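A.B. asks: Please work out how this folds:
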Amino acid sequence: MSGSAIGRRGVLVGIIGSLLTACGLGGSSDVTAVQDALRVAVEALPEHLDGKVQFQDSTSAGTTISGVLVLAGRDRAQIEQSLLTVLETVSDTYDQQPGVRTAFVRLEAHREGDRGTRVMTADVVSPSSGANASTEDLAAHFAG
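C.D. replies: So this is what the prediction gives:
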C-alpha cells in the first residue's frame, strides 16, 4: 500500500470518528468532570437543600442523570417549580460539557421532611417517547 493510500485511509478514519462523536455514537464523556459540573451547578441553587445529582455514562447501562433531591417548597406546586429550575440548570450545564451524548434524566424531588410528596422529572417535563425525559427533551422544553 502506498503512502498516499495510507494517508487517505487515515483521513477517512478520522472523519468517520468525528462524525460518530458528533452524533453521540463515538467518543465518551469525562464522567467525573460531568458529574462534578452538574453537582456544583445544582447545589449552588437556592432551591437545593440536600441530595446529589449522579451521572452515569456506560455502553451497557446507558447514559443517565439521576438523583433524589430535597428542594425548597411548601407544597407540590412549589416543589414542581423548584424541580423545573433544577432541570433547566441541569440542561444548561450538560449542554456545555464536551463529549456528552443524550442522557435520560431521572431526578426525583421532595420537600424537606416529606418523602411522600415526590415529583419526578417526567411529571414536569414530558418525555418525547417512553417513560423518561431525556436531555434533548429538557433542551426543547426550555428553548421555548
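
A.B. asks: how about the helix or strand where Leu69 lies: buried residues?
C.D. replies: Element membership of Leu69 [criterion: DSSP states H and E] is strand 62-71. Neighbour counts over strand 62-71 (16 or more other C-beta atoms under 10 Å) mark Thr63, Thr64, Ile65, Ser66, Gly67, Val68, Leu69, Val70, Leu71 as buried. For glycine as for every other residue, the C-beta is placed from the backbone atoms N, C-alpha and C.

A.B. asks: The fifth one: what's it in contact with?
C.D. replies: To tie it back to what came earlier, the one meant is Gly67. When contacts are counted by C-beta atoms under 8 Å, 6 or more residues apart in numbering, Gly67 touches Gly51, Lys52, Val53, Gln54, Leu107, Glu108.

A.B. asks: if we can go back for a sec, can you give the strand pairings for the strand holding Leu69, parallel or anti for each?
C.D. replies: Taking DSSP bridges as the criterion, strand 62-71 forms sheet pairs with strand 48-50 (antiparallel), strand 54-58 (antiparallel), strand 104-111 (parallel).

A.B. asks: Please enumerate residues in contact with the second one?
C.D. replies: Same thing as strand 54-58. 28-29, 31, 34-35, 38, 62-67, 100-101, 103.

A.B. asks: And the helix or strand in which Thr117 is found, how far out from the chain middle?
C.D. replies: Per DSSP H and E: Thr117 is located in strand 114-120. Put simply, strand 114-120 sits 21 Å off its chain's centre (C-alpha atoms, centre = their mean, to the nearest Å).

A.B. asks: quick check: mean pLDDT across it?
C.D. replies: For strand 114-120, mean pLDDT rounds to 91.
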